[in-house]
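Q: Sequence unavailable; structure follows:
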């Protein structure tokens, strides 16, 4: 039985199962080596390639206690984690460059398996540290002036690293998976829903053990849960049953007011456009209110059209807040529920002076 009250929503992304599995491994295995602490329990729920991540509240309390201790004993702890982000990114970039240099078609399956395995290992290292500044910022601790300055600096480092990660995600990763999908004779979209070991097993043993109907079921709906550091994957009705056990029926949140953090001050009113997948960006017209889980580099041309931004996630150093300040547009971040409460066509007022979104009409 998965307890309902344990889980706190963290982020929502259009992301593949293969990468989520690596995230889980990173948080359970690699994070301990990188920062001295790791998650014990994790929950990931995905539908049609859009994944929502949850963290165990007890884990987050444990992290806060760990962080208090580290900051008391090491004044450079925050700065050092920024250095680790840069180091891990550099290692991942080197592997990505290697993929670009090689003609993958000339590699035999075993060499391709080795390249893929190395890519996953460096990705795991990077994933274990890239969100660490976010967890520090959201730990609800009271920081002194020096620590606040360190957090702002590490936030800049993280955002630059995340941007570079995004381009690797769009380029080298796709190059690698395109070659793997061709050799496995499966659709590229479904290839992303293989687990890393399943891909390596095929390349080493030339045996495809996961059928395409299973991969389609994973794309349609899966739950990946980590309990006491053990990773388990569920699909179909079993996955939906576990979601209900974990979260109950939280899809029917009703509210006329949404509150969040101020990303950039200002006021605006307009029609809501919800963006979950990149394919939905074309909905944005001039003067619309851009609502998403978070913003990424691909969103910038459409953010220029919007009158204001609202996000589920984020802190003062997040991408949406930085872009809003650069464009001088009202922005409210960290609402947690905006994409669940609002719908396309809603008329809203965004008061980013107070951090409040009011629904004027539906």
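A: Arrived safely, thanks for sending. All figures in this text were calculated on a predicted structure; none of them were measured in a lab.

Q: Can you pull out the low-pLDDT segments for this structure?
A: 1-5, 249-254 (pLDDT under 70).

Q: ranges for the strands of it?
A: 7-14, 42-47, 50-56, 221-227, 230-235, 257-259, 261-264, 267-275, 289-292, 308-311, 331-333, 347-351, 356-361 (DSSP state E).

Q: For residue 173, find the nearest of those strands.
A: For residue 173, the closest of the strands of the chain is strand 7-14, at 13.7 Å, according to C-beta to C-beta. Every residue, glycine included, has its C-beta placed from N, CA and C.

Q: Could you list every helix and strand in contact with the closest one?
A: Counting contacts by 3 or more C-beta pairs under 8 Å, 6 or more residues apart in numbering; DSSP states H and E, the secondary-structure elements packed against strand 7-14 are strand 50-56, helix 57-73.

Q: Select, out of these, the one closest to residue 84.
A: helix 57-73 (13.4 Å).

Q: how close does the residue located most distally from the centre of the chain get to residue 179?
A: When distances to the mean C-alpha position of the chain are computed (C-alpha atoms, centre = their mean), the maximum falls on residue 106, with 33.7 Å. In this structure, residue 106 and residue 179 are 11 Å apart, going by C-beta to C-beta, to the nearest Å.

Q: Spit out the residues that contact those two alike.
A: Residues touching both residue 106 and residue 179 (C-beta atoms under 8 Å, 6 or more residues apart in numbering): there are none.

Q: rewinding a little: put together TSV for the helices and strands packed on strand 7-14, with mean neighbour count and distance to residue 126 on each row.
A: What follows is the helices and strands packed on strand 7-14, written out as TSV (neighbours: other C-beta atoms under 10 Å; distance: least, C-beta to C-beta, whole Å):
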stretch	mean neighbour count	distance to residue 126
strand 50-56	19	16
helix 57-73	14	19
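
Q: Next, format these as CSV and append distance to residue 128.
A: Shown next, in CSV, are the helices and strands packed on strand 7-14 (distance: least, C-beta to C-beta, whole Å):
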stretch, distance to residue 128
strand 50-56, 14
helix 57-73, 13
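
Q: so which of the ones you listed gets nearest residue 349?
A: In this view, the helices and strands packed on strand 7-14 are compared for proximity to residue 349 by C-beta to C-beta, and strand 50-56 is the closest at 27.2 Å.

Q: Compute the inter-axis angle for that closest one and helix 57-73.
A: For the pair strand 50-56 and helix 57-73, the angle between their directions (axes from the mean of the first three to the mean of the last three C-alpha atoms, to 10 degrees) equals 70 degrees.

Q: Report the strands that pair with strand 50-56, each with its relative direction.
A: When pairs are called by DSSP bridges, strand 50-56 turns out to pair with strand 7-14 (antiparallel), strand 42-47 (antiparallel).

Q: so which of these gets nearest residue 277?
A: Ranking these by proximity to residue 277 (C-beta to C-beta) places strand 7-14 first, at 5.2 Å.

Q: List the buried residues of the closest one.
A: Within strand 7-14, the residues that count as buried by 16 or more other C-beta atoms under 10 Å are 7, 9, 10, 11, 12, 13, 14.

Q: quick check: angle from that strand to strand 267-275?
A: For strand 7-14 against strand 267-275, the angle between stretch directions is 80 degrees (the same axes, to 10 degrees).

Q: Residues in contact with strand 7-14: which ones?
A: Contact with strand 7-14 is made by 43, 49-57, 60, 246-247, 276-278, 293-294, 312-313, 336, 339, as judged by C-beta under 8 Å, 6+ apart.

Q: Now do the nearest residue to residue 163 once chain neighbours are set aside against residue 114, distance only.
A: The spatial neighbour of residue 163 that comes closest, neighbours along the chain excluded (C-beta to C-beta, 6 or more residues apart in numbering), is residue 297 at 5.8 Å. Residue 297 sits 31 Å away from residue 114, taking C-beta to C-beta as the criterion.
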